[in-house]
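# no sequence for this one, just the structure:
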């Protein structure tokens, strides 16, 4: 059985695990990401985590063959380079991530965007396992997505595919004015459907009690009309985008992950009802389901890519 290390490198924490050829996470660990200390410190933290996982593997008599990384940012997966990134990791753009980690760890490395890694994990072993095409939508602090076709996420000509939060949305317009979006544009799904977008909408509607999106949901569940409207509108914006994307891509299944997907039925039902209202008749039976793998999804997806770096062995599930 082959073994690799999968890493999920985000702006808050860097998580990783030892993964076997069947996708089992045998051991996992995490460290804080020093996201504002510069790319060098982030690489150092990631390499340190890999070293600790290598040591754990050796203690179990396992040999690690390769390293896979799902990273925040637009990632040129062919070269393993961060093409662009937000300020969530300072100075991340331009980092030769695969090459740097290979030098620091001694392992051949492959890198892809973290949302694509999450989607790849779910399509391999999670809610999308066993079907040829999966539309994954991540709904949380931001809004992102990925379309996995025959086991490969479509990354696009510029490796920027998956920015589903930056579709124009009729729900992101108020009093005739599009809401400003984190990307610098306006009127996009993320401006109203993300967790911060829902909380900001709650505040604009006159709410003042909830400190965050969790608070908005709790108030909505207790019958607060302002919170309920903010949650409904954010969920409907998500559903509208999901339904529209499904009409374009015609996936076998839609998998929804991120914190909002597990907030509860108030969000899920409003999202799914709006998504189904958008679907063309041939797609009326489309399954829309929650993700299954939780925090291990991106680790497994990154590991799946790493497994492609080493020769297949007879009986492997990868």
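Great, that's in hand. Note that this is a predicted model, so its numbers are computed, not measured.
# now do the SS call for residue 26.
strand (DSSP: H, G, I helix; E, B strand; the rest coil).
# so what's the nearest residue to it once chain neighbours are set aside up against?
Leaving aside its sequence neighbours, residue 26 sits nearest to residue 18 (CB to CB, 6 or more residues apart in numbering; 4.6 Å). Any C-beta I mention is one placed from the backbone N, CA and C, and that applies to glycine too. Residues in contact with residue 18 (CB atoms under 8 Å, 6 or more residues apart in numbering) are 3-5, 25-28, 53, 56-57, 60, 62, 64.
# which of the residues you listed lies closest to residue 204?
Nearest to residue 204 among these is residue 28, at 39.9 Å by CB to CB.
# and the closest one, what does it touch?
If you count contacts by CB under 8 Å, 6+ apart, then residue 28 has 15, 16, 17, 18, 296, 299 around it.
# closest to residue 153 out of the residues you listed?
Using CB to CB, the contacts of residue 28 come closest to residue 153 at residue 299, 15.4 Å.
# from residue 137, how far out is the closest one?
Taking CB to CB, to the nearest Å as the measure, residue 299 falls 19 Å from residue 137.
# pick out whichever of the two has more residues nearby.
residue 137 (32 against 29; other CB atoms under 10 Å).
# for the more buried one, pull up the helix or strand it's in.
Here residue 137 sits within strand 133-139, counting by DSSP states H and E.
# count of neighbours near the residue nearest to residue 221 when sequence neighbours are not counted?
Closest residue to residue 221 apart from its sequence neighbours, by CB to CB, 6+ apart: residue 266 at 6.2 Å. Other residues near residue 266 number 16, with proximity taken as other CB under 10 Å.
# and what of the one 4 residues further on?
Taking other CB under 10 Å as the neighbour definition, residue 270 ends up with a count of 20.
# pLDDT at it, what is it?
We note a pLDDT of 98 for residue 270 in this prediction.
# for the one 3 residues further on, same thing?
Residue 273 is assigned a predicted lDDT (pLDDT) of 98.
# how about residue 88?
For residue 88, pLDDT reads 89.
# mind starting the numbering at 37 from now?
Sure, I'll start numbering at 37, so the last one becomes residue 124.
# the residue nearest the centre of the chain and residue 323, how far apart?
By CA atoms, centre = their mean, the chain has its centre lying nearest to residue 151, at 3.0 Å. Computed as CB to CB, the residue 151 to residue 323 distance reads 20 Å.
# tell me the SS of residue 131?
Classified using three-state DSSP, residue 131 is coil.
# for it, give me its contacts.
75, 79, 117, 118.
# list the contacts of residue 145.
Going by CB under 8 Å, 6+ apart, the list of residues near residue 145 reads 102, 103, 104, 105, 116, 133, 134, 135, 137, 138, 342.
# hey, what's it bridged with?
With DSSP bridges applied, residue 145 shows beta-bridge pairing to residue 103.
# pLDDT at it, what is it?
97.
# now do the strand or helix carrying the residue nearest to residue 257: which elements does it pack against?
Here residue 302, judged by DSSP H and E, is contained in helix 301-314. Here helix 301-314 touches helix 249-257, helix 261-285, strand 323-326, going by 3 or more CB pairs under 8 Å, 6 or more residues apart in numbering; DSSP states H and E.
# single out the most deeply packed of these.
helix 261-285 (a mean of 22; mean count of other CB atoms under 10 Å).
# for that one, name the packing helices and strands.
Contacts defined by 3+ CB pairs under 8 Å, 6+ apart place helix 261-285 against strand 169-175, strand 179-185, helix 226-229, helix 231-240, helix 249-257, strand 289-293, helix 301-314.
# apply 6 Å and report the result again.
Taking 3 or more CB pairs under 6 Å, 6 or more residues apart in numbering; DSSP states H and E as contact, the helices and strands that helix 261-285 lies on are strand 169-175, helix 226-229, helix 231-240, helix 249-257, helix 301-314.
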